[in-house]
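quick one, structure for this:
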Amino acid sequence: MSISHARFRLAMLGAAAAVVTVALAIRAVAPIGGWLEQSSGTALYASMVYAGVLFLAPRLSPVKAGAITLTWCWGVELGQLTGIPAALSAESLAARMILGAAFDPADLLRYPLGVIPLVVVHQLRRTPGTPGAGPGHHGSPDCR
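Now for the predicted structure:
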């Protein structure tokens, strides 16, 4: 693994931690069960998944990482229709954090709110030769 990939992975780890911090801060000040808590939590979950996807696969283009993220998030949400996540969530906080508990059709629209801005910013900031620049690109090894 190159130094630029290692730095990029550390940046994605830091981004995920920052997202968790923001989510916890919102949860601390927003009314419990309110619109802000629900909407931001869903969008920030998607943002954290995006960072996780790029941590695991730093060479992915922003668009591919965004597509994988949305596929995961929508799959998790639709999986909630089975009742399995609710049963697992009743037994485990980790399962609740990853799988949720109850289907909310509005979440299908909230996930892109947490992903699309990141894809756009990542696409605009990437330079040829950096992680996420895609195949066939050469150039500066700087991660920006």
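
use CA for all of it now, contacts and neighbours both
Fine.

who's in contact with the most centrally placed residue in the chain?
The structure's the chain has its C-alpha centroid closest to Val49; by CA atoms, centre = their mean the separation is 2.5 Å. By CA atoms under 8 Å, 6 or more residues apart in numbering, Val49 lies in contact with Ala16, Thr69.

quick one, longest helix in this structure?
Identified as the longest helix of the chain according to DSSP state H is helix 3-29.

report the distance from it to the chain centre.
Chain-centre distance of helix 3-29: 10 Å, with CA atoms, centre = their mean, to the nearest Å.

which residues of this protein fall in helices?
With DSSP H as the criterion, the chain has helices at 3-29, 35-56, 62-79, 84-91, 93-99, 107-125.

test my guess that His5 contacts Pro58.
Yes. Look at His5 against Pro58 with CA atoms under 8 Å: they come within range, at 6.6 Å.

so between these two, which is more surrounded?
Pro58 (23 against 20; other CA atoms under 10 Å).

which of the helices of the chain sits most buried?
Among the helices of the chain, judged by mean count of other CA atoms under 10 Å, the one packed with the most neighbours on average is helix 35-56 (a mean of 21).

what angle do that helix and helix 107-125 make?
Orientation of helix 35-56 against helix 107-125 (axes from the mean of the first three to the mean of the last three CA atoms, to 10 degrees) gives an angle of 50 degrees.

send me helix 35-56 as PDB with only the CA atoms.
Written as PDB, here are the backbone C-alpha positions of helix 35-56 (Å, rounded to 0.1, in the frame of the first residue of the first chain):
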ATOM      1  CA  TRP A  35     -37.300  15.600  12.700                       C
ATOM      2  CA  LEU A  36     -33.700  16.900  13.100                       C
ATOM      3  CA  GLU A  37     -32.500  13.900  15.000                       C
ATOM      4  CA  GLN A  38     -34.100  11.400  12.600                       C
ATOM      5  CA  SER A  39     -33.100  13.200   9.300                       C
ATOM      6  CA  SER A  40     -29.600  14.000  10.300                       C
ATOM      7  CA  GLY A  41     -29.000  10.600  11.800                       C
ATOM      8  CA  THR A  42     -30.000   8.900   8.600                       C
ATOM      9  CA  ALA A  43     -28.000  11.200   6.300                       C
ATOM     10  CA  LEU A  44     -24.900  11.000   8.600                       C
ATOM     11  CA  TYR A  45     -25.200   7.200   8.700                       C
ATOM     12  CA  ALA A  46     -24.900   7.300   4.900                       C
ATOM     13  CA  SER A  47     -21.900   9.700   5.200                       C
ATOM     14  CA  MET A  48     -20.200   7.300   7.500                       C
ATOM     15  CA  VAL A  49     -20.800   4.400   5.200                       C
ATOM     16  CA  TYR A  50     -19.300   6.400   2.400                       C
ATOM     17  CA  ALA A  51     -16.200   7.000   4.400                       C
ATOM     18  CA  GLY A  52     -16.100   3.300   5.300                       C
ATOM     19  CA  VAL A  53     -16.400   2.200   1.700                       C
ATOM     20  CA  LEU A  54     -13.500   4.400   0.700                       C
ATOM     21  CA  PHE A  55     -11.500   3.200   3.700                       C
ATOM     22  CA  LEU A  56     -11.900  -0.400   2.500                       C
END
